[in-house]
Each structure stands twice: as structure tokens, then as C-alpha cells.
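need a structure here:
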Amino acid sequence: MQSAAKSPIRIAVVENDPLRFVGLRAMFEDEHDFALQNCTPASIFKARGYDVVLIGSRIGPAMYEIMAGLKALNPTVCIIATGNVPGDETALRALCAGAKGYVEESSPAKEFKQAIRTVHGGSVWASRKLISKFIERVTNIPRRPGREEPLVFTERERDVLHLLVSGRTNKEIGAALGIEERTVKMHVAKLMRKAGVANRIALSVHALTHSLLAVDQTE
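All right, here's what the predicted structure looks like:
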């Protein structure tokens, strides 16, 4: 008996330059489980059925607006940003805006493929140096004055948060808790809304720096 064919990873490529899409399609032509669709900065909001969004900084400042719009539509959307400008500022801004991965455009095809598979699997993709700078930036954001209400989690949300902070992917969290991966995504999205953060990295940092895992409060 033959096993069912593996579903392809559907990748929406957001680019102004059609040649960029052609180049990426050629780069991934040997990956039979990758299915690319070409989108413009306007048409991405009408696109449906994608698993990962690949968006380049060549679009300009609009890249961050597009990412914010996509996150508003779907808080758990998997976005990978790419950049060609030296320095970490573009990457840091992309992560702060909600990207789950960042890849330099000059990176080899192998890195692009690993980034897509990693982010699609529920984890994040960025260099250790970049993640360290991101954590530093997030933890140095001035907090608004005044008394903050303590965050309240359900028992299940707390279980998910513990595993997420330990670096588990959505699939691994689901297996550990005996729940479906889509249910894990729903819990992670709710945790991000409660913490007021844009992505998994920021959620983990927020949980550690605000001692959320040590607070024994549940709904």
C-alpha cells in the first residue's frame, strides 16, 4: 500500500520585480514539495491557501506595512523576510514587525530552503547574533508608566508557553500535549495577543523577562 503524497509547502512570493520570482522558482526547482505563487504587494491580500510568505526588502518601507496587514488578518501567518542591505537594522525591524525568519538575499539556496522548512514547521529562523540583538532591543523597550494588570492564562496556555519557551515547534508541542497542531497555533496566537507581542521570539522573551512562567494564575 502506497503512502499518501506529502502536501506541498505553498509559498507566496511578494515581489515587485517578476525576474526575482523567476530566480526563486529556479532556485527551488529541485524541491518537489515547494509550490510557489507570485504576488505583488497589492495582490498578496487577496491570495489564499499559502503556508509561508516570502517578502523582500527591495519593496521598501511598504514591506513592514504589508507584514503588519498580514499579521492583522492572521496572527499566526508564517512570514520570512529577505534583505540585501548590509547591517542588522532591516532584519531587526522585520522581526519586530512579526517575521518568523530572516534570510540575506546573498545566502545560498540551501539556507533559503532550510529557513522555509523551519518556519513552516513552527519554529523561527535567524542567526544567533540577530536573535541576541532582537532580544536586547525587545527587553530595552521602555514600559509604559502605571500599574499593569497581570496576565491570566488557562492551564493549557501555560503548558503551551512552557514548551514554546523551551524551543519546541508547534508539531512537537502538539505531540507532547496530545493536541492537534492547528490547536497549538490557536493557543500561540492567543498568547501573543495577551502579551502584546508580534511573534514567537518576542513571546518567549516576554515570558522570560516578565517571569510569566513563574506566576501561578489561571482562568
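
any stretches of the protein with poor pLDDT?
Counting by pLDDT under 70, the low-confidence segments of the chain come to 1-5, 85-87, 137-149, 208-209, 211, 213-219.

okay, strands next: where are they in it?
For the chain, applying DSSP state E gives strands covering 9-14, 34-39, 52-56, 78-83, 101-104.

who's in contact with residue 176?
By Cβ atoms under 8 Å, 6 or more residues apart in numbering, residue 176 lies in contact with 163, 168. For the C-beta atoms, the positions are set from N, CA and C on the backbone; glycine is no exception.

if we can go back for a sec, now the strands of the chain as JSON lines including mean neighbour count and distance to residue 24?
As requested, the strands of the chain are exported to JSON lines (neighbours: other Cβ atoms under 10 Å; distance: least, Cβ to Cβ, whole Å):
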{"stretch": "strand 9-14", "mean neighbour count": "22", "distance to residue 24": "6"}
{"stretch": "strand 34-39", "mean neighbour count": "18", "distance to residue 24": "7"}
{"stretch": "strand 52-56", "mean neighbour count": "24", "distance to residue 24": "7"}
{"stretch": "strand 78-83", "mean neighbour count": "25", "distance to residue 24": "9"}
{"stretch": "strand 101-104", "mean neighbour count": "23", "distance to residue 24": "11"}
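
among the ones you listed, which is nearest residue 67?
Closest approach to residue 67 among the strands of the chain (Cβ to Cβ): strand 78-83, 5.7 Å.

mind listing what that closest one pairs with, with the direction of each?
strand 52-56 (parallel), strand 101-104 (parallel) (DSSP bridges).

list of residues touching it?
Residues contacting strand 78-83 (Cβ under 8 Å, 6+ apart): 51-57, 63, 67, 70-71, 90-91, 94-95, 98-105, 115-116, 119-120, 125.

just want the angle from that strand to strand 9-14.
Counting by axes from the mean of the first three to the mean of the last three Cα atoms, to 10 degrees, strand 78-83 lies at 50 degrees to strand 9-14.

pull out the CA atoms of strand 78-83 and give them to me as PDB.
Taking Å, rounded to 0.1, in the frame of the first residue of the first chain, the C-alpha atoms of strand 78-83 are listed here in PDB:
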ATOM      1  CA  CYS A  78       4.500  32.400   8.700                       C
ATOM      2  CA  ILE A  79       6.500  35.300   7.200                       C
ATOM      3  CA  ILE A  80      10.100  35.200   6.100                       C
ATOM      4  CA  ALA A  81      11.800  38.500   5.200                       C
ATOM      5  CA  THR A  82      14.800  38.800   2.900                       C
ATOM      6  CA  GLY A  83      17.200  41.700   2.700                       C
END
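
please parse the protein into its domains.
The chain breaks down into these domains under automatic domain parsing: 9-137, 155-214.
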